[in-house]
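Participant: next come a sequence and a model predicted from it.
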Amino acid sequence: MLVSIDPTPQRPKWLRAPAPAGENYRELKALVDRLRLHTVCESAACPNVGECWNRRTATFMILGNVCTRRCGFCAVKKGAPLTVDYDEPARVAEAVQALGLKYAVITSVNRDDRKDGGAELFAMTIRAIRERLPECKVEVLIPDFQGSHAAMDLVLDARPDVLNHNTETVPRLYRQVRLGARYERSLDILEYAKQACPGIPAKSGLMLGLGETMEEVLQVMRDLAAHKVDILTLGQYLRPSPKHLPVLRYIPVDEFAEYKRRGAEMGFAHVEAGPLVRSSYHADEAGITLTAHACK
């Protein structure tokens with residue numbers, strides 16, 4: 001099925017998120033600032049920051065807030081990366097404990113300057129959270145580590161409860177959307193995780209509205225299902241600034257519903273699809289149900 005693309009689409013009036021405000025939001029903001037932490041909520045200009053922080057949930061971003069890649073969709077700073085802060089995992093764990101989280105999501109910028117892509121810090125952060133709050137489940141949203149299985153082993157050996165790696169878009173658009181990434185490499189990362197640790201749920205997600213067709217999206221979904229991905233998220237791409245890729249189409253709510261229906265037919269254990277859905281949006285709702293601590 002081909003999808004018509006409006007070159008100058010108007011943002012729908014219903015596509016609005018609550019403004020960042022409220023007591024919980026202010027408390028979490030103060031905590032993040034005091035501990036000198038980064039969150040993808042702020043660094044990537046997520047539209048759900050107000051809702052999520054008022055629910056006392058946040059996605060912590062380790063390894064600094066400067067990315068070595070220049071993806072056309074992402075609001076995170078690009079350039080020379082920051083020095084690795086080996087105290088950061090302990091501070092993330094302190095924040096998780098202070099918030100009393102039952103579910104924590106950890107992600108990072110791309111660190112192509114490091115041989116392991118930053119995998120060591122992911123493992124340290126998982127273990128630091130478990131030491132402080134053993135009952136808290138930990139989801140990691142990892143980069144592709146340039147395809148390194150050794151880096152993947154570092155993360156998997158720390159036993160995250162959910163292993164998330166986003167394909168982000170359809171293969172045809174990778175050169176425009178995910179500069180430096182490869183679709184096949186992302187599939188390989190997910191496949192390796194499931195082969196190495198079949199008991200750990202795998203998760204992936206896509207942004208829609210960048211010029212993809214419905215059939216292209218469905219094919220990516222088939223590929224992910226074939227690679228044993230358990231959890232799938234699909235959301236609307238929103239342009240962070242005029243310097244970023246334009247939105248070519250706003251996806252109707254009923255189309256998101258169709259993707260959710262088709263995903264269930266393909267065998268995904270959980271599909272979250274909607275305009276404001278993001279990879280870590282309400283991640284605890286699916287993650288707590290599907291998590292497993294040990295590789296089999």
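Facilitator: Perfect, I can see it now. For clarity, every value in this text was computed on a predicted model and none was experimentally measured.
Participant: where's the residue lying closest to Glu212 once chain neighbours are set aside relative to Thr213, distance?
Facilitator: Leaving out its chain neighbours, the residue that sits closest to Glu212 by C-beta to C-beta, 6 or more residues apart in numbering is Val170, at 4.5 Å. (Glycine included, C-beta is placed from N, CA and C.) With the distance defined as C-beta to C-beta, to the nearest Å, Val170 ends up 8 Å from Thr213.
Participant: swap in Gly118?
Facilitator: Applying C-beta to C-beta to Gly118 and Thr213 gives a distance of 34 Å.
Participant: picking up where we left off before, quick one, which of Val170 and Thr213 is more surrounded?
Facilitator: Val170 (22 against 15; other C-beta atoms under 10 Å).
Participant: residue ranges of the helices in the protein, please?
Facilitator: 23-34, 40-43, 49-54, 88-99, 119-132, 149-157, 174-177, 183-196, 214-226, 253-266, 283-290 (DSSP state H).
Participant: tell me, how many neighbours does Arg249 end up with?
Facilitator: For Arg249, using other C-beta under 10 Å, the count is 19.
Participant: and what of Arg222?
Facilitator: Neighbour tally, Arg222, other C-beta under 10 Å: 12.
Participant: swap in Ser279?
Facilitator: Neighbour number of Ser279 under other C-beta under 10 Å is 25.
Participant: give the contact list for it.
Facilitator: Counting by C-beta atoms under 8 Å, 6 or more residues apart in numbering, Ser279 touches Leu141, Asn164, Asn166, Lys203, Gly205, Thr233.
Participant: from Val277, how far off is the spatially closest residue to it that is not a sequence neighbour?
Facilitator: Among residues not flanking Ser279 along the chain, Gly205 sits closest, at 4.4 Å (C-beta to C-beta, 6+ apart). Here the criterion is C-beta to C-beta. By it, Gly205 lies 8 Å from Val277.
Participant: list the residues that contact both of the two?
Facilitator: In contact with both Gly205 and Val277: Thr233, Leu234, Gly235, using C-beta under 8 Å, 6+ apart.
Participant: beta partners of the second one?
Facilitator: Meaning Leu234. In this entry, Leu234 is beta-bridged to Leu206, Ala273, by DSSP bridges.
Participant: so how far is Ile251 from it?
Facilitator: Where Ile251 is concerned, Leu234 sits at a distance of 8 Å (C-beta to C-beta).
Participant: overlap in contacts of the two?
Facilitator: With C-beta under 8 Å, 6+ apart, Leu234 and Ile251 have common neighbours Leu208.
Participant: what number of residues lie near the residue lying closest to Glu255 once chain neighbours are set aside?
Facilitator: Computed as C-beta to C-beta, 6+ apart, the closest residue to Glu255 that is not its neighbour in sequence is Met214, at 7.3 Å. By other C-beta under 10 Å, 16 other residues sit near Met214.
Participant: any idea how far Met214 lies from Tyr259?
Facilitator: Applying C-beta to C-beta to Met214 and Tyr259 gives a distance of 8 Å.
Participant: count of residues packed around Val253?
Facilitator: If we define neighbours as other C-beta under 10 Å, then Val253 has 15 of them.
Participant: Arg132 is in contact with Gln97, correct?
Facilitator: Yes. Using C-beta atoms under 8 Å, Gln97 is in contact with Arg132, at 4.5 Å.
Participant: what touches both of the two?
Facilitator: By C-beta under 8 Å, 6+ apart, no residue touches both Gln97 and Arg132.
Participant: quick revisit: from what I see, the residue nearest to Ser279 and Asn166 are in contact.
Facilitator: Yes. Applying C-beta under 8 Å, one finds Gly205 in contact with Asn166, separated by 4.6 Å.
Participant: could you export the contacts of Ser279 as CSV, including neighbour count?
Facilitator: Shown next, in CSV, are those (neighbours: other C-beta atoms under 10 Å):
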residue, neighbour count
Leu141, 24
Asn164, 26
Asn166, 22
Lys203, 31
Gly205, 24
Thr233, 25
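Participant: which residues pair with the nearest residue to Gly79 once chain neighbours are set aside across the strands?
Facilitator: Excluding the flanking residues, the one nearest Gly79 by C-beta to C-beta, 6+ apart is Val66, at 5.3 Å. In this entry, Val66 is beta-bridged to Lys77, by DSSP bridges.
Participant: how many residues are close by Val66?
Facilitator: Val66 has 17 nearby residues by other C-beta under 10 Å.
Participant: in contact with it, which residues?
Facilitator: Val76, Lys77, Lys78, Gly79, Ala80, Pro81, Leu82, Val109.
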